[in-house]
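**Q** Starting from these lines, generate the structure:
(2 chains)
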Amino acid sequence: MRYSILLLFFIFFTQNAFAADVYLSLSAHGQRMDLGIGGFVPGTEMVEESRLGRLIQDILRNDLLFSRYFNIIEGGPLYTGKDEELLEWQNQGVDILICGSVEIKDNKLILTGKLLDIASKKAIWDKSFKGDIEDYRYLAHDLNDEIIFRFTGEKGIAHSKIVFSNNRTGNKELYIVDYDGYNVRQITNNKSINLLPKWSPDGTEIIFTTYEFGNPDLYSISPYGTELYPLSKEQGLNTAGSFSPNGKVIALTISRGKMPNIHLINRDGKFLRQLTFGRGIATSPYFAPNGKEIVFIYDLPGYPQVYIMNLEGGNLRRLTTRSFCDSPAWSPRGDKIVFTMRQEGYGYELFLYDLNNKELKRLTQSKGNDENPSFSPDGRFVVFSSTRSGKSELYMIAIDGSGIRKVGEIKGSSFTPSWSP
Amino acid sequence: MLKRLTILFCIFILISGCAKQKRSGDMTRGEKAGAEDVDEAGIRHGDWHSTPELKSIHFSFDKSDLLPEAREVLQKNAEYLKSNTDINVMVEGHCDERGTIEYNLGLGQRRASAVREYYGKLGVSLSRIGTISYGEEKPLDTGHTEESWYKNRRAETKIRNIKPPMEAEEGTVNTEKDKDNPGQKKYSP
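**A** Just a heads-up that it's a prediction; the model follows:
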């Protein structure tokens, strides 16, 4: 993998110095580039291909806009290979044009995306994606994620999903939705209470707390709602489970007839050790991306505050100084912790703690409660639940506080989201 | 202090030792890992119910201390529990919506445990009593007023009849629990 990336860069640098410039202009200077979307030509002139081409263009546009890396320019002609089409795009100030084709072959959809350097009229990158016709949304997301990778060196997040709890049936069941609010599907159906789902780092498992068997137990389930199995069934709480970055260990709150404290278990459920021995409540553990520390909630001072400790329960230190805090999540880059904190007169709001300069910054402000934040895989966005509209719904916000948007129109009230890897 | 730590350490070793024994072996994933090391009564039964003789108590915001009026209620409850020895007891801890979900699960557990301990002090056998926390998941009143919140910050005492001694001898609480608690269950996608 590493070799192939190196090889790609080698090709970029030797064959086309411009591509390397593009990469640098985004990462080093941070300015937004003008990117044109020239559309997708139907491969065999089928009506269905044209229709899918337009749908894919819409999805791709939304993905690219959400990424906030580019200024998107549309309105130029569909690029079919003619110079005068390129000229029109050039007149609109576009440097790079996204174009390509959509073809249906043997009942499969083949999407080819290209990045065209308008000045040299050369493709600086192209790639084909093949899949079932009904999965056209995912092909568009894959194209977006590859384009983002070409420009930033880091894969886009359009393939990602959110798992959450929702009460539309009258019970809190788990659901998964695409990051853009499409394709809501239910993954538990036990008519009990299902809460606090968290993805495994490889995206193959979701751990959550369920009351299905008469006690709040920690179970694992696949994203398809299959392979349900128990991880921790101590009497009392088995809640707020969260994976270590290598996926081998789970931190969770267990009470077992005593005070709720943080414990570690293996991925297969084998008990490892107790980390906190507080006489109050310790909960909501979340691993640092280096796997060496855990951020969690502890009410040592008499009210729940954000603390960090190592995996032996040592080197304990407090990050916050006031109010009620909960649900901390460590950013994938390791430099920030997002959590919810009660603000008098506003309910709960999201805050970002910067571990480098120890600064605390407010991320959201609403009349409702903003809770249970979870970072996007690239660490640039946060999904959370908010009651700002009157009922609890999912929202996303960039970590600079801009671009807040609701995650689709989802029936019922939604809680405790977790963003997939 | 040192003595205390040593004792704690010994207890920890003991507990972790027991835990290890129970969890090792050819057990399928977590199938039997359970609450055997707790002297709480098992709670994994479907027939817990309220009875008019046992009243709920209420708490202050973010507190699990038993208020004087709550103690009076619990004293009456305890008399009933002591004179009815053929029932087991489950204490449910509940919270209002103002806390967060994870913390409220912890707070509800503390409330339930506080009530169980008090019943113990009043002479009810602790091995008859189990606890469960519902956090803010089961409000009595879905309003958003002080009055609704007060109603929701509560501990309920529920009961179930235990089998007459003849039958209970073989089928201990644990086997009953396992029966009620299948380890594997598939969902359809």
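**Q** Going by C-alpha atoms from here, please, whenever you check contacts or count neighbours.
**A** Will do.
**Q** Tell me where chain B has helices.
**A** B:2-23, B:68-83, B:101-121, B:146-152, B:165-168, B:173-180 (DSSP state H).
**Q** Pick out the shakiest of those, pLDDT-wise.
**A** Ranked by mean pLDDT, the helices of chain B bottom out at helix B:173-180, with a mean of 42.
**Q** Stretch A:213-224: end-to-end distance?
**A** Terminal residues of stretch A:213-224 are spaced 21 Å apart (Cα to Cα, to the nearest Å).
**Q** How about A:Phe339, nearest residue that isn't a chain neighbour?
**A** Among residues not flanking A:Phe339 along the chain, A:Pro328 sits closest, at 4.2 Å (Cα to Cα, 6 or more residues apart in numbering or on different chains).
**Q** How about the contacts made by that neighbour?
**A** By Cα atoms under 8 Å, 6 or more residues apart in numbering or on different chains, A:Pro328 lies in contact with A:284-286, A:295-297, A:306, A:337-340, A:372-373.
**Q** In three-state terms, label the residue of the stretch 1-150 of chain A found nearest chain B for me.
**A** When scored by Cα to the nearest Cα, the stretch 1-150 of chain A has A:Asp135 as its residue closest to chain B, at 18.0 Å. Assigned with DSSP: H, G, I helix; E, B strand; the rest coil, A:Asp135 falls in the helix class.
**Q** hang on, the earlier thing: and the residue nearest to A:Phe339, which helix or strand is it part of?
**A** Assigned by DSSP states H and E, A:Pro328 belongs to strand A:325-330.
**Q** who does the helix or strand following that strand pair up with?
**A** Once the chain leaves strand A:325-330, the next helix or strand it forms, by DSSP H and E, is strand A:336-343. Strand pairing for strand A:336-343, using DSSP bridges, gives strand A:325-330 (antiparallel), strand A:347-354 (antiparallel).
**Q** so where's chain A uncertain?
**A** Chain A contains residues with pLDDT under 70 at A:1-31.
**Q** ok, which stretches of it are helices?
**A** Applying DSSP H to chain A gives helices spanning A:2-15, A:17-27, A:47-67, A:83-91, A:136-152.
**Q** what distance separates stretch A:258-275 from the middle of the whole chain?
**A** Mean-position distance between stretch A:258-275 and its chain equals 27 Å (Cα atoms, centre = their mean, to the nearest Å).
**Q** Please write out the alpha-carbon positions of that stretch in PDB.
**A** Extracted C-alpha coordinates of stretch A:258-275, given in PDB (Å, rounded to 0.1, in the frame of the first residue of the first chain):
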ATOM      1  CA  LYS A 258     -21.100  -1.700  43.600                       C
ATOM      2  CA  MET A 259     -20.400   1.800  42.300                       C
ATOM      3  CA  PRO A 260     -20.200   2.300  38.500                       C
ATOM      4  CA  ASN A 261     -16.500   2.200  37.500                       C
ATOM      5  CA  ILE A 262     -14.500   1.800  34.300                       C
ATOM      6  CA  HIS A 263     -13.200  -1.700  33.400                       C
ATOM      7  CA  LEU A 264     -11.400  -3.300  30.500                       C
ATOM      8  CA  ILE A 265     -12.400  -6.400  28.700                       C
ATOM      9  CA  ASN A 266     -11.100  -8.200  25.700                       C
ATOM     10  CA  ARG A 267     -12.900  -8.100  22.400                       C
ATOM     11  CA  ASP A 268     -14.200 -11.600  23.100                       C
ATOM     12  CA  GLY A 269     -15.600 -10.500  26.400                       C
ATOM     13  CA  LYS A 270     -12.800 -11.900  28.700                       C
ATOM     14  CA  PHE A 271     -12.400  -9.700  31.800                       C
ATOM     15  CA  LEU A 272      -9.100  -7.800  32.000                       C
ATOM     16  CA  ARG A 273      -9.100  -5.400  34.900                       C
ATOM     17  CA  GLN A 274     -10.800  -2.600  36.800                       C
ATOM     18  CA  LEU A 275      -9.300   0.900  36.100                       C
END
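**Q** outside of it, which residues touch it?
**A** Stretch A:258-275 has contacts (Cα under 8 Å, 6+ apart) with A:230-232, A:237, A:247-255, A:276-283, A:285, A:311-313, B:16, B:19-20, B:23, B:29-30, B:106, B:109-110, B:113.
**Q** quick one: which of those sit in strands?
**A** Of those, the ones assigned to strands by DSSP state E are A:Pro230, A:Leu231, A:Ser232, A:Val249, A:Ile250, A:Ala251, A:Leu252, A:Thr253, A:Ile254, A:Ala282, A:Thr283, A:Pro285.
**Q** surely A:Ala251 meets A:Phe243?
**A** Yes. Counting by Cα atoms under 8 Å, A:Phe243 is a contact partner of A:Ala251 at 6.5 Å.
**Q** how's chain A carved up into domains?
**A** Listed domain ranges for chain A are A:2-152, A:161-419 (source: automatic domain parsing).
**Q** Just say which of those is most tucked in.
**A** Among the domains of chain A, domain A:161-419 has the highest mean neighbour count (mean count of other Cα atoms under 10 Å in any protein chain shown), at a mean of 21.
**Q** Between the two ends of that domain, what distance do you get?
**A** 6 Å.
**Q** Could you do stretch A:234-245 as well?
**A** One end of stretch A:234-245 to the other measures 24 Å (Cα to Cα).
**Q** touching chain B at all, it?
**A** Yes. Counting by Cα under 8 Å from any Cα of the partner chain, chain B is contacted by stretch A:234-245 at A:Glu234, A:Gln235, A:Gly236, A:Leu237, A:Thr239, A:Ala240.
**Q** Torsion angles phi and psi at A:Arg322?
**A** When read as degrees, to the nearest 10, the backbone of A:Arg322 gives phi -160, psi 170.
**Q** so it makes contact with A:Gln305?
**A** Yes. Using Cα under 8 Å, A:Arg322 makes contact with A:Gln305 at a distance of 7.4 Å.
**Q** what are the bridge partners for the residue in the stretch 301-421 of chain A that chain B sits nearest to, then?
**A** As assessed by Cα to the nearest Cα, chain B sits closest to A:Asp326 within the stretch 301-421 of chain A, at 6.6 Å. Note on A:Asp326: beta-bridge partners by DSSP bridges are A:Thr340.
**Q** need the residues of the stretch 251-400 of chain A near chain B, please.
**A** Where the stretch 251-400 of chain A comes near chain B, counting by Cα under 8 Å from any Cα, the residues are A:255-260, A:268-271, A:273, A:280-284, A:304, A:326-327, A:371.
**Q** Give me the distance between the spatially most central residue of chain A and A:Val338.
**A** With distances taken as Cα atoms, centre = their mean, A:Ser376 lies nearest the centre of chain A, 2.9 Å away. A:Ser376 sits 12 Å away from A:Val338, going by Cα to Cα.
**Q** quick one, what contacts B:Val115?
**A** B:Val115 neighbours (Cα under 8 Å, 6+ apart): B:Leu66, B:Leu74, B:Val91, B:Ala155.
**Q** Hmm, B:Tyr119 and the second one touching each other?
**A** Yes. Between B:Leu74 and B:Tyr119 there is a contact at 7.2 Å, judged by Cα under 8 Å.
**Q** Which residues does stretch A:395-413 contact?
**A** If you take Cα under 8 Å, 6+ apart as the criterion, stretch A:395-413 is touched by A:166-169, A:179-182, A:184, A:363-364, A:380-386, A:391-394.
**Q** Which of the residues you listed fall within strands?
**A** The strands, defined by DSSP E, take in A:Asn166, A:Phe381, A:Val382, A:Val383, A:Phe384, A:Ser385, A:Ser386, A:Glu393, A:Leu394 from the contacts of stretch A:395-413.
**Q** Nearest residue to the first one in space, please, no chain neighbours.
**A** Spelled out, that is A:Asn166. Excluding its sequence neighbours, the residue lying closest to A:Asn166 (Cα to Cα, 6+ apart) is A:Ser414, at 4.3 Å.
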